[in-house]
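Peer 1: kindly generate the corresponding structure for this input.
(2 chains)
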Amino acid sequence: MPETRETVCLLCSLGCELLIEAEDGMPAALDYCSGCRVNDGALCAKGNYALELLNHPLRLCEPVVRGKAASWQDAAGEAAHALSGGASALVVEGDVSNEEAALLHAIAGRIGPERVAVNFSTRDDAIITALAGLPISRAHADDLLHSVCTIAVGDPFSVGPVIARRVLKARNADRRNTLAVVAATENRTTRFARSKLLGPLRPSLLCLLKDIALLKGEGPPWAAELRKVPVAMMEGVDTAAAGHIAEQFTKADPAVMLVSTSDPVAAMLAASCVMLGGKGKKLFLLNEYGNCAGICSTFSAGTSAEQILHEIAAGRIETLVVLGSDLVAAYPALDVESRLRKLKCLVAGASFANKTTAQAHVVLPLAIWLEKDGTFNGKHRRAAAAPVNGARSHGEVLKMAARSMNLELLSGQAPPPRVVEPNAGLIRLILADAALPEPETVKQPSPVMFADGSLTGSLSWPQALKV
Amino acid sequence: MKRLVVNLDLCIDCTAHGAACNRVNHETMTGRSARVDSIGEFPAVCRHCEDPACVKACPREAMRKEPDGSVRRSANLCSGCRSCVLACPFGTLGDNSALGGFSLSKCHLCFSRTAEGKLPACVATCPTGALRFEEIPEAMHDHDVFMVGAHAVGRSPYVRRS
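Peer 2: Numbers count the residues shown, from 1 in each chain, chains lettered A, B, ... in the order given. This is a model prediction of the structure:
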C-alpha cells in the first residue's frame, strides 16, 4: 500500500515542503505538496532531484577499513580510536539535525572544543553568529508579500527560487512598490529590479547605509559615525542610485532587506541599514545551508574546518574524523589533498564517494537528510525513507563512537547570543571591516546536496543545476 | 482546451520546469528553454497547435492530434527521423540523447497527472507561478495567433500580466 510522507527540503533555509510516496518502505516518487504555507507545492530544480540522491550510483553502501569491507562495529571502533588519540579532530558537515548537533557536546568535552568544527563552506554560520545578538526585526516569508520596498542583497532568486514568488507578487501588486537589488554583477534577481546598485557589495552597502543615516537626520547617536564615512570608501558606487534606493527604503513601511550573501561584513552592513531604518524595517536572511540556524543555536563550534586544515599542515593534528564534508572540494585553494596525506589516520563518513573518501583509511556510508529523523529548519521531521543499504545517520555514528569512548551523551545548547546594542564602537568595527578588500567568492558546489563536486556532474540533467 | 501559459513578468529563468519534466518522464524528456538575447532563458513550451505542422510532417503517423486538443507522440511509432523537429515553427521539439536517437521527446501535457486532477509537473513545480495551465479564450487578439502560410497553427503561450 503506497504511503505518502510530507517532508521539508533542506537544500536552502527556506523550508519548502514536498511529498515522498513510498511503497513497501521504499521511496517511489516525489510529488508537490500543494497548499503548504512556504512554497504552495513549488520546488526549484534542486528540490526536484532530491529523490535521485537516494539511489545515486555514487552512494556509499558499506563501511570500508583500509581497503576492505568491514562491519559497522569495527568501523565505528576505528572512528572512536581515531578520536581518542591526543592529536585528533572532528569535522561535521552543516547538514545535520539539531539532535545530531547536540551530540557534538559530548565529543567536544573529550577532545576539546577547539578540535570540533561544523563545516559551512558558504560561511552561513559566520553570518548567523555575527547577526545573532543584534536587535533586528526578522521577517517571515509572508512579510515579503506585504513589503512596499524590498532590497535584495546578492542573488536570492538563485539561492532559493521559491522566495521569488512572494517578492514578485509584492513588486507587481503596485507600480509604486520598489524592488531594489544590490549585487556584484547582473544576475537572476537584477532582471526584476526597479533600481539596482551593481559593483562590490561592501562599498555599495556602505553608501546605502550612509545615505540612510543622512536621510534620518539626527537618529541614534551611533549614526553620527556613519555620516562621517569618507567618500574614498565608496569609490565607484553609483551614488545617485544609492540615494534613490535609500530614500525609498527610509520612507517605506513595511520594508524588507532580503540578504543572500557569503560575506559576513556585507550582511552586517545590510543589518545596520535595517537597524537604522527604524520602524517597519525587517531582515530576511536566506542561507544555502538548510539547518544552519538550528545547528548554530545548538552547538557553538570552537574552531572552523579551515583552521583544522591549517593545524594539520602544521603537524598539530594527526588523526581526523570527517562526517559528511568533502574537504577537498570545499577548499580548492588550500591544497587539501596534500594536507590529508600527512594524517596518520583519516576517517571519512560521506553519503557519496568523493575526493576525501578516496584518501580515507576508514570510509563510513552516511544517510542523507531525507533518510533522517530530527529537527531541521525549526520543524521536527520524520525520515522520508529508510537509509539505503548499510548507511547510518551522522547521529548514529557519533553515538557509536561515543559509546566506544565511554562518553556520556551530553545534550546541550549553545549559549544564547549576547545581546549587542548598536553603539559607536561597534559601528567603527564594522566600518573597519568594510574598508578591507572583499574576499574572492569561490562558487562552491551547493553544500548539502552536492557536497562533492563529482555528484553535480553525474546527475541525469546537470544543466538543471546551474543555480 | 487547457494549455500551458508562461507569464514572462514572473519567469526567473530557474530551469525548474525542465528538471520537473525530466524527472516525471523518467529522463526521456526535458522541458526545453529558449534563450532570448542576454535577458535569460524562458520555457519553450509546445503550443499544441490547432493545425500542427509536426503531425503533417511525420511520415509514420507517430504524431497525433488527440480529441482533447493535445498533440502527442507515440514512442513505439517514432523512428527519430526529425521531420517534426524541422517542421515545428517554434523550435519546441528536439533530440533527446537518453532515447538513443531512435525516438524524440514531445510534451504530452502530463496526461497521466492531469487525469488524476493534478497539474502538469512543470506547472506544479514553477517556483514563481509563471507557468500556468489554463483555458485560453478563443477570442484572442490577432497578434497572438501564429500563421504559417495561410494556416493558423497556434497561439502564443507568452503573456505579460504585471
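Peer 1: what are the ranges of the strands in the stretch 151-300 of chain A?
Peer 2: Assigned by DSSP state E, counting those that start in this stretch, the strands in the stretch 151-300 of chain A fall at A:178-183, A:195-198, A:255-260, A:281-285.
Peer 1: now A:Glu408: closest residue in space, sequence neighbours ignored.
Peer 2: A:Ala106 (6.6 Å; Cβ to Cβ, 6 or more residues apart in numbering or on different chains). C-beta: built from backbone N, CA, C; applies to glycine.
Peer 1: show me what contacts the closest residue to A:Ala313 other than its chain neighbours?
Peer 2: Of all residues not flanking A:Ala313 in the chain, A:Arg339 sits nearest, at 5.2 Å (Cβ to Cβ, 6+ apart). Neighbouring residues of A:Arg339 by Cβ atoms under 8 Å, 6 or more residues apart in numbering or on different chains: A:309, A:312-313.
Peer 1: spell out which residues of chain B are next to chain A.
Peer 2: B:9-10, B:12-16, B:18-20, B:22-23, B:27, B:30, B:39-40, B:98, B:118-119, B:121, B:124-129, B:162 (Cβ under 8 Å from any Cβ of the partner chain).
Peer 1: thinking again about what came up before, wait, which of the contacts of A:Arg339 is closest to A:Pro63?
Peer 2: For the contacts of A:Arg339, the closest approach to A:Pro63 (Cβ to Cβ) belongs to A:Ile312, at 23.3 Å.
Peer 1: how much space separates the residue nearest to A:Glu408 from A:Ala402?
Peer 2: Shown here: A:Ala106 relative to A:Ala402, a distance of 5 Å by Cβ to Cβ, to the nearest Å.
Peer 1: anything in contact with each of the two?
Peer 2: Counting by Cβ under 8 Å, 6+ apart, the residues touching both A:Ala106 and A:Ala402 are A:Leu409.
Peer 1: quick one: low-confidence ranges for the chain?
Peer 2: Answering for chain A, as no chain was given. Applying pLDDT under 70 to chain A flags residues A:1, A:410-414, A:440-467.
Peer 1: the chain in question should be chain B.
Peer 2: Across chain B, residues meeting the criterion (pLDDT under 70) sit at B:27-31, B:35-37, B:95-104, B:136-155, B:160-162.
Peer 1: remind me, longest helix of it?
Peer 2: If you go by DSSP state H, chain B has its longest helix at helix B:16-24.
Peer 1: tell me where chain B has strands.
Peer 2: B:2-7, B:33-36, B:40-43, B:63-65, B:71-73, B:131-135, B:145-148, B:151-155, B:158-159 (DSSP state E).
Peer 1: of the strands of the stretch 151-300 of chain A, which is nearest chain B?
Peer 2: strand A:178-183 (12.0 Å; Cβ to the nearest Cβ).
Peer 1: next, the angle strand A:255-260 makes with the closest one.
Peer 2: Per axes from the mean of the first three to the mean of the last three Cα atoms, to 10 degrees, the angle that strand A:178-183 makes with strand A:255-260 is 30 degrees.
Peer 1: give me the contact list for strand A:178-183.
Peer 2: Residues from elsewhere that reach strand A:178-183, judged by Cβ under 8 Å, 6+ apart: A:148-155, A:167-168, A:170-171, A:187, A:189-190, A:192-198, A:201, A:204-205, A:208, A:245, A:248-249, A:252, A:270.
Peer 1: pull out the buried members of these.
Peer 2: The neighbour-count test (16 or more other Cβ atoms under 10 Å in any protein chain shown) applied to the contacts of strand A:178-183 identifies A:148-155, A:167-168, A:170-171, A:187, A:189-190, A:192-198, A:201, A:204-205, A:208, A:245, A:248-249, A:252, A:270 as buried.
Peer 1: quick one, what contacts the residue most central in space within chain A?
Peer 2: Chain A has A:Tyr289 as the residue nearest its centroid, 2.8 Å off, counting by Cα atoms, centre = their mean. A:Tyr289 is in contact with A:12-13, A:94-95, A:120, A:122, A:124-125, A:295, A:447-448, counting by Cβ under 8 Å, 6+ apart.
Peer 1: for it, give its distance to chain B.
Peer 2: For A:Tyr289, the distance to chain B equals 19 Å [Cβ to the nearest Cβ, to the nearest Å].
Peer 1: repeat for A:Cys44
Peer 2: 5 Å.
Peer 1: against A:Val159, how distant is that residue?
Peer 2: Per Cβ to Cβ, A:Cys44 is found 9 Å from A:Val159.
Peer 1: who has more neighbours, these two?
Peer 2: A:Cys44 (32 against 24; other Cβ atoms under 10 Å in any protein chain shown).
Peer 1: spatially nearest residue to the more buried one, not counting backbone neighbours?
Peer 2: A:Pro161 (4.2 Å).
Peer 1: isn't the one you found right up against B:Ala16?
Peer 2: Yes. A:Pro161 lies in contact with B:Ala16 (Cβ atoms under 8 Å); the separation is 6.5 Å.
Peer 1: what touches both of those two?
Peer 2: Joint contacts of A:Pro161 and B:Ala16 (Cβ under 8 Å, 6+ apart) are A:44-45, B:127.
Peer 1: between those, which is closest to A:Asp143?
Peer 2: Nearest to A:Asp143 among the shared contacts of A:Pro161 and B:Ala16, with distances taken as Cβ to Cβ, is B:Pro127, at 18.3 Å.
Peer 1: now the residue nearest the centre of chain B: closest residue in space, sequence neighbours ignored.
Peer 2: The centroid of chain B falls nearest to B:Cys46 when counting by Cα atoms, centre = their mean (2.0 Å). Spatially, and ignoring its direct neighbours in sequence, B:Cys46 is nearest to B:Cys107 (4.1 Å; Cβ to Cβ, 6+ apart).
Peer 1: where's the one you found relative to chain A, distance?
Peer 2: Using Cβ to the nearest Cβ, B:Cys107 is found at 16 Å from chain A.
Peer 1: phi first, then psi, for the residue nearest to A:Cys44.
Peer 2: Main-chain dihedrals, A:Pro161, degrees, to the nearest 10: phi -50, psi -30.
Peer 1: I'd say A:Phe152 and A:Thr189 touch.
Peer 2: Let me fix one detail, which is that residue A:152 is Ala and not Phe. Yes. Counting by Cβ under 8 Å, A:Thr189 is a contact partner of A:Ala152 at 5.0 Å.
Peer 1: report how many residues lie close to the nearest residue to A:Ala69 once chain neighbours are set aside.
Peer 2: The shortest distance from A:Ala69 to any non-neighbouring residue, by Cβ to Cβ, 6+ apart, is to A:Glu62 (5.2 Å). Neighbour count for A:Glu62, taken as other Cβ under 10 Å: 15.
Peer 1: if we can go back for a sec, just the buried subset of the residues of chain B next to chain A, written out for ChimeraX, thanks.
Peer 2: Per 16+ other Cβ under 10 Å, the buried members of the residues of chain B next to chain A correspond to this ChimeraX selection:
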select /B:10,12,13,14,15,16,18,19,20,22,23,27,30,40,98,118,119,121,124,125,126,127,128,129
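Peer 1: wait, the residue nearest to A:Glu408 sits on A:Asn406?
Peer 2: No. Under the criterion of Cβ under 8 Å, A:Ala106 makes no contact with A:Asn406, lying 10.7 Å away.
Peer 1: between the two, which one's more packed in?
Peer 2: With neighbours defined as other Cβ under 10 Å, A:Ala106 and A:Asn406 compare such that A:Ala106 has more, 19 against 9.
Peer 1: hang on, the earlier thing: so which of the contacts of A:Tyr289 comes closest to chain B?
Peer 2: A:Cys12 (11.4 Å).
Peer 1: in contact with that closest one, which residues?
Peer 2: For A:Cys12, the contacting residues are A:46, A:159-160, A:286-290, by Cβ under 8 Å, 6+ apart.
Peer 1: who wins on neighbours among the residues you listed?
Peer 2: Going by other Cβ under 10 Å, A:Tyr289 tops the contacts of A:Cys12 with 29 neighbours.
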